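Chemist: after the sequence you'll find the predicted model.
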Amino acid sequence: MAILSPAESPTKVHARSTIELVGNTPLVRLESLTKGLRSDVYVKLESANPGGSVKDRTALSMVREAERTGALKPGATIVESSSGNTGIGLALIGALTGHPVIVVAGDTTSQEKLALLRGFNAEVVLTDWTAPVESPDNARNVAARLAADIPDSWRPQQFDNPANPRAHYASTGPEIWRQTSGAVTHLVASIGTGGTISGTGRFLKDRSRGSVNVIGADPAGSVYSGGEPGEILVDGVGNTWGRPDWPAAFDPEVVDHFVRISNDGVYSTVHRLAEEEGLILGPSSGLAVAAALEAARSAPAGSTIVAIAPDAGTNYLSKAFNRPWLEQNGITL
Ligand SMILES: Cc1ncc(COP(=O)(O)O)c(C=O)c1O
């Protein structure tokens, strides 16, 4: 296949609004990491969204739906607890649709993400991200108190909001189908709320009459793939509280199987993606790509495996790309 330089690529029609830049993200084939494998592994670069992550899709879908139903009134404040990306997506969409945004973020959220939130003019309230649900300091309780005090405020509640997975059924899934001309055989995604894997996976299964295999990539410490909960060193993904309280946005029926990746596996994949593929991606992308490579080793030859890369590594320069942070956390590349 001839590779076009940017100047030779088909001209893009301009977007009428930044909102139109949400979605339609690129898909890139891995060249170096797949050497010796007999299947193709593609990465869907969600960092190309204007807020820098897959969560722009979710934020747009939830805000539009709430505006449509009247749950979110014109000019009303959006209050959400988020480890970062959903907050950033909401801050972006809020800025574009005239809604002030307050984000309750964890005290472990990277400085880069906090700066982005403030860059989009969101108000940031920091709280102890490890506070249990019964604690007043728990992020969701803090968000609930704030919302109770602000007239007409609206809480998207991404973990329980059906507009979260629906965003991916309506956009991420159809894009992957189109971009692979229907050849996709495997979808690999990390799981936070489960919106991405549930919506995208369900669409691809429906469209392929059930033939697309959906693989959940799970980090050490998360119980989506079973086992005991522990510390999770991959931002935005995994689950430590387990059944029966899976997020409503997560449809476990969609996942055919889980692949668990060690912290060393996640972060060494992040570094290999940067060094060998020229892709600066975040840890949850390293997680999904590591699981996709594992799937490629056992999949039938000629499979087309698509891994979702939720955001860019530039959000984690002080963590994933910072040797002292990696050493402090016992990670060996
Ligand atoms: C960096 C990152 N990766 C992956 C995910 C998982 O996406 P989802 O919530 O759709 O499962 C999130 C969710 O917040 C995230 O922030």
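Modeler: Ah, there it is.
Chemist: which helix or strand contains the closest residue to residue 301 other than its chain neighbours?
Modeler: Spatial nearest neighbour of residue 301, chain neighbours left out: residue 38 (3.8 Å); criterion: CB to CB, 6 or more residues apart in numbering. Backbone N, C-alpha and C define where each C-beta goes, glycine included. Assessed by DSSP states H and E, residue 38 sits outside every helix and strand.
Chemist: list the contacts of residue 38.
Modeler: 296, 301, 302 (CB atoms under 8 Å, 6 or more residues apart in numbering).
Chemist: please repeat the previous calculation with a cut-off of 10 Å.
Modeler: Listed by CB atoms under 10 Å, 6 or more residues apart in numbering, the contact set of residue 38 reads 296, 297, 299, 300, 301, 302, 303.
Chemist: cool, and residue 233?
Modeler: 219-221, 262-263, 266-267, 283, 319-320, 325-326, 329-331.
Chemist: what's the closest of these to the ligand?
Modeler: Ranked by distance to the ligand (CB to the nearest ligand atom), the contacts of residue 233 are led by residue 283 at 7.4 Å.
Chemist: what does the residue nearest to residue 301 show for phi and psi?
Modeler: Torsion angles at residue 38 (phi, psi; degrees, to the nearest 10) stand at phi -100, psi 10.
Chemist: next one: the nearest residue to residue 72 once chain neighbours are set aside from the ligand, what distance?
Modeler: Using CB to CB, 6+ apart and skipping residues adjacent in sequence, the residue nearest residue 72 is residue 66, 3.7 Å away. Computed as CB to the nearest ligand atom, to the nearest Å, the residue 66 to the ligand distance reads 18 Å.
Chemist: check which element follows the helix or strand hosting residue 66 along the chain.
Modeler: For residue 66, the enclosing helix or strand under DSSP H and E is helix 55-69. Later in the chain than helix 55-69, the nearest helix or strand by DSSP H and E is strand 78-81.
Chemist: quick one: secondary structure of the closest residue to the ligand within the chain?
Modeler: For the chain and the ligand, the shortest gap (CB to the nearest ligand atom) falls at residue 236, measuring 2.4 Å. Here residue 236 is coil, with the state taken from DSSP: H, G, I helix; E, B strand; the rest coil.
Chemist: quick one on the thing from earlier: from the contacts of residue 38, which would you call buried?
Modeler: Buried members of the contacts of residue 38, counted by 16 or more other CB atoms under 10 Å: 296, 299, 303.
Chemist: export those residues to JSON lines and tack on pLDDT and secondary structure?
Modeler: Converted to JSON lines, the buried ones among the contacts of residue 38 look like this (pLDDT from 0 to 100; DSSP: H, G, I helix; E, B strand; the rest coil):
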{"residue": "296", "pLDDT": "98", "secondary structure": "helix"}
{"residue": "299", "pLDDT": "98", "secondary structure": "coil"}
{"residue": "303", "pLDDT": "98", "secondary structure": "coil"}
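Chemist: what about the contacts of residue 233, which are in strands?
Modeler: Among those, the ones falling in strands (DSSP state E) are residue 219.
Chemist: any buried residues in stretch 117-134, and which?
Modeler: Using 16+ other CB under 10 Å as the test for burial, stretch 117-134 gives 117, 120, 122, 124, 127, 129, 131.
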